[in-house]
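Asker: please work out how this folds:
(2 chains)
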Amino acid sequence: MIINYLTLSIILFCLGILGVISRRNVFTVFMSIELMLNAANLAFITFARLHVSMDGHVLAMLVIAVAAAEAALALAVVILLHKHKGVLDTNIFSLLKG
Amino acid sequence: MNHDFLLLLPVIIVGAGAVLLMLRAAFGKLALDSASVVCMCIFGLAFAAQACSALAGPEVPFKAAFNGMLMVTDFTRVAGLIILGCGFFTAMSSRSYFKENRFGLEEYYSLITFAAFGMLLLTMSHELMTAFISLEIMSLSIYILVGFNRRCVTCAEAVLKYLMLGAFTGGFFAMGTALIYGGLKSTKFEVIASAVATHGFLHTPALVGGAFFIIFAFLFKVAAFPFHAWVVDVYDGSSIPVTGFMATALKTAVFAIFANFLMLDPGLKGAWVTYLFYISILTMFGGNLIAIGQGSIKRMLAASGIVHTGYLLIALVAVSADRFTGSVILYYLAAYSVSTLGIFAALSYLSGAGEVRSQFEDFKGLARTRPYSAAAITIFLLSMAGIPPTAGFMGKFYVITSAIQAGQVTLAVLGIVSSILSMWYYLRLIINMYFHDAHESFESECTVFAPACTLILAVAVFAISLYPITL
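Answerer: Next up, the predicted model:
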């Protein structure tokens, strides 16, 4: 049973990576990052069940708090970008070319 | 007598100061100029507190309450001193920068203080979740600082790139922590160390995978080779004092936790030393290649930051995990921080309103009109290039010597070759300043703060080079 949850967590994590790499919309990219963090949360909870300890639950709560703070900042950045350019496609932000 | 409170006093001062600054700014009770003075006072106080608590040996503050999540050693103490010094000089040069550019909010100083709080906690953290949270406190404040000038489109673009990639690596760090928690039932460094010591690093796949993800995140944050491309864009997009702060304090904090994590056990370091060997070579030469092609000074300095990361990785490869002191790493970080902060302080009053002077050509003939500023910039550039008698030379000397002592002669030779290559772009700016006629007067209506900061740091370049360390 535990192994199924772990597999799900890994699938979610890989989907998140794929989303960050392949998607071009700023919103979708930030959603994919949230997906990666939530995959980590699922892994924490699963391992907490495996070890029969509460530590994993606490760690997952902390990650949720950090993810919320990051989402707040990400939304502010989305609004800032929309004000400047009017679109949210990452391809048009190309003033800085490294 | 229990020294726990004294050990945490710098963190408490910086944390409480940040909250205080934010509240005063929110209620509009603080003018911009006094905010910078308060910020400098906070950093000065915390620096004094950190310097005073020179108690020998590793200490675990509030072991019962914090469950051993923080650990204070001489290494973390000196790293904290460097970070607080960087904060102080950034607050000083920011004041002149804002005068010049006619923008700025009081919250800026609060965010610098919050970032320093996260960095201090990061150096001390002795548990993965604490490290994750302090990394995020630091990163979130830095993201906001990068995009602080809301009217500027390049700033918005820089913060987009930094936030996307930074949050991406944050996800990796969280997953790595989860895997290590799954494998070892704990996220504490001492548990990881004892597990690696008894069973070896390759005992559980969860530990290998977790350590891989975490080291991936650290390599990204210090801009090592495969993950270095973001640095140039992000540094170019943010305002000059913020760039200086990111280049120095952030690198110090992340290198401190990176070294703390890697040196937990010789087995952990032994598993990674081959990869770090190649990463450090590629970082040095990749950074040099990028820096040579740049026309803008800020981008050149960003790329040279990548090269310095390469030298620090050499020090990390060479240091022995059995009796880890980290003196070489800290010395190099101090030398690099002083020269980089110095040049950014000089640029923050010389680049003019809206950072109009940003290219190499814009600084032609600076030595004719402003000889003292040009001399200070020359000192900083020579220190970064590694010319004696500057701190940068002594830093490189210790790094190369420690590499030879550890038997890494290839790394030592390649380090010297890369340092010779880097002369090209450092000397290019010096040539522009000294061997051309001035087309403009480089007038600036700045306050005394940034020039004073430049002067202090120029003296510090020589002062640090006189400080002896044992390898």
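Asker: nearest to chain B: which residue in chain A?
Answerer: Taking C-beta to the nearest C-beta as the measure, the point where chain A comes nearest chain B is residue A:36, at 3.3 Å. In short, each C-beta sits where N, CA and C put it, glycine included.
Asker: in contact with that residue, which residues?
Answerer: The contact partners of residue A:36, taken as C-beta atoms under 8 Å, 6 or more residues apart in numbering or on different chains, are A:12, A:13, A:16, A:17, A:20, B:168, B:171, B:172, B:174, B:175.
Asker: what's around the nearest residue to residue B:230 once chain neighbours are set aside, how many residues?
Answerer: Spatial nearest neighbour of residue B:230, excluding adjacent residues (C-beta to C-beta, 6 or more residues apart in numbering or on different chains): residue B:165 at 5.1 Å. Counted by other C-beta atoms under 10 Å in any protein chain shown, the residues lying close to residue B:165 total 18.
Asker: before we move on, back to that, and the residue of chain A closest to chain B, which of the three is it?
Answerer: helix (DSSP: H, G, I helix; E, B strand; the rest coil).
Asker: what pLDDT does it get?
Answerer: Residue A:36 is assigned 94 on the pLDDT scale.
Asker: ok, now residue B:49?
Answerer: 89.
Asker: how about it, what does it touch?
Answerer: B:6, B:9, B:10, B:13.
Asker: surely it is within a helix?
Answerer: Yes: remark: residue B:49 belongs to a helix, assigned using three-state DSSP.
Asker: quick one: the helices in chain A?
Answerer: Under the criterion DSSP state H, helices of chain A are mapped to A:2-22, A:26-51, A:55-85.
Asker: most tightly surrounded among the ones you listed?
Answerer: Comparing those by mean neighbour count (mean count of other C-beta atoms under 10 Å in any protein chain shown), helix A:26-51 ranks first with a mean of 21.
Asker: how big is the angle separating that one from helix A:2-22?
Answerer: Angle between the axes of helix A:26-51 and helix A:2-22 is 160 degrees (criterion: axes from the mean of the first three to the mean of the last three C-alpha atoms, to 10 degrees).
Asker: relative to residue B:453, which of the contacts of residue A:36 is nearest.
Answerer: For those, the residue nearest residue B:453 by C-beta to C-beta is residue B:168; the value is 34.7 Å.
Asker: correct me if wrong: that closest one contacts residue A:30.
Answerer: No: the pair residue B:168 and residue A:30 does not pass the contact test of C-beta atoms under 8 Å, sitting 10.1 Å apart.
Asker: thinking again about what came up before, in strands, which of the contacts of residue B:49 fall?
Answerer: Here DSSP state E is the test, and the contacts of residue B:49 give no hits in strands at all.
Asker: neighbour count, pLDDT and distance to chain A for the residues you listed - can I get that in a markdown table?
Answerer: Below are those laid out as a markdown table (neighbours: other C-beta atoms under 10 Å in any protein chain shown; pLDDT from 0 to 100; distance: C-beta to the nearest C-beta, whole Å):
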| residue | neighbour count | pLDDT | distance to chain A |
| --- | --- | --- | --- |
| B:6 | 16 | 82 | 27 |
| B:9 | 19 | 89 | 25 |
| B:10 | 29 | 91 | 24 |
| B:13 | 24 | 94 | 23 |
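Asker: for the lowest-mean-pLDDT helix or strand in chain B, give me every contacting residue.
Answerer: In chain B, no helix or strand scores lower on mean pLDDT, DSSP states H and E than helix B:63-66, which sits at a mean of 76. Contact partners of helix B:63-66, identified using C-beta under 8 Å, 6+ apart, comprise residue B:60.
Asker: just the pLDDT at the nearest residue to residue A:34 once chain neighbours are set aside, thanks.
Answerer: Leaving aside its sequence neighbours, residue A:34 sits nearest to residue A:67 (C-beta to C-beta, 6+ apart; 6.1 Å). On the pLDDT scale, residue A:67 is placed at 94.
Asker: can you check what angle separates the helix or strand hosting the residue nearest to residue B:230 from helix A:26-51?
Answerer: Taking DSSP states H and E as the definition, one finds residue B:165 inside helix B:153-184. Put simply, helix B:153-184 runs at 10 degrees to helix A:26-51, going by the same axes, to 10 degrees.
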